[in-house]
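Q: based on what follows, work out the 3D shape:
(chains A, B and C)
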Amino acid sequence: MDEQQRLSHPPGQVNMSNVMAPQGYDGGYGQSDHGEQRKQEIGDVLQQIMTITDQSLDEAQARKHTLNCHRMKPALFNVLCEIKEKTVLSIRNTQEEEPPDPQLMRLDNMLIAEGVAGPEKGGGSTAAASATAAASGGQPDSAIEHSDYRAKLAQIRQIYHTELEKYEQACNEFTTHVVNLLREQSRTRPIQPKEIERMVGIIRKKFSAIEMQLKQSTCEAVMILRSRFLDARRKRRNFTKNATEILTEYFYSHLSNPYPSEEVKEELARKCGISVSQVSNWFGNKRIRYKKNIGKAQEEANLYAAKAASAASSQIVTDPSSPTGSSYSHPSSQSQMASQGGMYMNLNGGDNYPGGENSWGLEDSE
DNA sequence: GCCCATGATTATGA
DNA sequence: TCATAATCATGGGC
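A: Modelled structure (predicted):
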């Protein structure tokens, strides 16, 4: 059965006598004489409805007007009402409140936590602060990174809100358009306000899928931004001169065993304003690079030897009870530090390193 | 822009 | 688990 046939002979037992004579309407026909003729007329009306979309707007408007004024229109309307009564699915059950989408809730929570959605509160400064604090390792330039992060987050926030506004506008426009269309159509076919509401709900649901995509993209952008700031490799900063000196000094003063204990690492980290793992990295790199380029390393060692020697001698003048002035508490460091100046001299002379066996399997230099 | 120094990461082995 | 070695990625001097 094609569309026209279906409309001409709708499913269900439509009481055609009611249709043909709705509430006092006679249409100028008798009850049975012209039944075929009436059917033919209804068929014509339906045919016009079916072809209305093929016509130009003006033509369609004119045709619509003609249809609306057609004497059979009330009859057709009643037919449609009756068909609908018998066939349409109840919309009562479709109005149930659906629980909020957990995925959407997660995205919302994240966007609020990152300061992208919800009240501005300084543009997500809390999240920015935590991110940049982790990235900077407590270094003084964290303030710069903080503002940089905040600026980029503000950009994301702005794009998000612009897009959200566009989405809401488009959604409202489309909803209004559909509602107007349905109201217009309700003149020729039975449409209940509840159905219009339902349609609005369907449209909003469709648009909320787009909204979810927008939120997802925004979350991804925030995650990328965070990862860029948290990825220390990307934000490598040279240690301060003072920090490098402290580490190098310790390294050369413990050349026979340049493996600081956890306590010493913590102490060095505190003094240098870096993390313990950074201290570990530094010593790892230093050992490797010392081995690789021992000649150059010795020049550096001599430099520190002279420095340490002068420091030690001046310390002796001011405080004879304190031979080194070192505050490191490494168990093996005490004896080593006591002979610090001598150690560097040994390096110069090519003798064995002090402090016992060379535990990292290093051949004596030179 | 090139090159070297340097901090961080990763794969591997003891 | 930690140290080593190789490598990556960036900073900074020239």
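
Q: so what's the residue count around the nearest residue to A:Met212 once chain neighbours are set aside?
A: Among residues not flanking A:Met212 along the chain, A:Leu104 sits closest, at 5.5 Å (C-beta to C-beta, 6 or more residues apart in numbering). All C-beta atoms are positioned from the backbone trio N, CA, C, and that covers glycine. Burial measure for A:Leu104: 15 neighbouring residues, criterion other C-beta atoms under 10 Å.

Q: ok, now A:Ala154?
A: Applying other C-beta under 10 Å, we find 17 residues neighbouring A:Ala154.

Q: what helix or strand does it sit in?
A: A:Ala154 is located in helix A:142-185, with elements delineated by DSSP states H and E.

Q: pLDDT below threshold where in chain A?
A: For chain A, residues meeting the criterion pLDDT under 70 lie at A:1-34, A:52-53, A:55, A:87-98, A:120-150, A:223-235, A:312-366.

Q: returning to what we had before: just checking, what packs against whatever helix or strand the residue nearest to A:Met212 lives in?
A: According to DSSP H and E, A:Leu104 maps onto helix A:102-113. Under the contact criterion of 3 or more C-beta pairs under 8 Å, 6 or more residues apart in numbering; DSSP states H and E, helix A:102-113 touches helix A:193-230.

Q: immediately after the helix it packs on, which helix or strand?
A: Under the assignment DSSP H and E, the closest C-terminal helix or strand after helix A:193-230 is helix A:241-253.

Q: whichever helix or strand comes after that following helix vs helix A:241-253, what angle?
A: Next helix or strand after helix A:241-253 toward the C-terminus (DSSP H and E): helix A:262-272. Angle, helix A:262-272 to helix A:241-253, by axes from the mean of the first three to the mean of the last three C-alpha atoms, to 10 degrees: 150 degrees.

Q: elements contacting helix A:262-272?
A: Judged by 3+ C-beta pairs under 8 Å, 6+ apart, the packing partners of helix A:262-272 are helix A:241-253, helix A:276-292.

Q: DNA strand C: which of these is closest?
A: Smallest distance to DNA strand C across the helices and strands packed on helix A:262-272 (C-beta to the nearest atom of the strand): 4.0 Å, for helix A:276-292.

Q: next, the buried residues of the closest one.
A: By neighbour count with 16 or more other C-beta atoms under 10 Å, helix A:276-292 contains the buried residues A:Val276, A:Gln278, A:Val279, A:Ser280, A:Trp282, A:Phe283, A:Lys286, A:Tyr290.

Q: right, and the fifth one touches A:Leu247 too?
A: Read it as A:Trp282. Yes - using C-beta atoms under 8 Å, A:Trp282 is in contact with A:Leu247, at 5.4 Å.

Q: what do the two both touch?
A: A:Phe239 (C-beta atoms under 8 Å, 6 or more residues apart in numbering).

Q: rewinding a little: do the helix holding A:Ala154 and DNA strand C meet?
A: No - judged by C-beta under 7 Å from any atom of the strand, helix A:142-185 and DNA strand C are separated, with a smallest distance of 10.5 Å.

Q: which helices and strands does that helix pack with?
A: When contacts are defined as 3+ C-beta pairs under 8 Å, 6+ apart, helix A:142-185 sits against helix A:121-136, helix A:193-230.

Q: do it and DNA strand B come into contact?
A: No - contact of helix A:142-185 with DNA strand B (C-beta under 7 Å from any atom of the strand) is absent, the minimum separation being 13.5 Å.

Q: between that helix and helix A:102-113, how big is the angle?
A: On the basis of the same axes, to 10 degrees, helix A:142-185 is oriented at 140 degrees to helix A:102-113.

Q: could you tell me the angle between helix A:142-185 and helix A:193-230?
A: Interaxial angle, helix A:142-185 versus helix A:193-230 (the same axes, to 10 degrees): 160 degrees.

Q: now do the SS call for A:Pro119.
A: Secondary structure for A:Pro119, judged by DSSP: H, G, I helix; E, B strand; the rest coil, is coil.

Q: ok, A:Gly115 next?
A: What three-state DSSP gives for A:Gly115 is coil.

Q: isn't it up against A:Tyr160?
A: No - if you go by C-beta under 8 Å, A:Gly115 and A:Tyr160 don't touch, sitting 10.9 Å apart.

Q: between the two, which has more neighbouring residues?
A: Applying other C-beta under 10 Å to A:Gly115 and A:Tyr160 shows that A:Gly115 carries more neighbours, namely 23 against 20.

Q: and the more buried one, how far is that from A:Gln155?
A: Going from A:Gly115 to A:Gln155 by C-beta to C-beta, to the nearest Å gives 12 Å.

Q: hmm, back to that, so what touches the helix holding A:Leu104?
A: Applying C-beta under 8 Å, 6+ apart, the contact partners of helix A:102-113 are A:Ala117, A:Gly118, A:Ala127, A:Tyr160, A:Ser208, A:Glu211, A:Met212, A:Lys215, A:Gln216, A:Thr218, A:Cys219, A:Val222.
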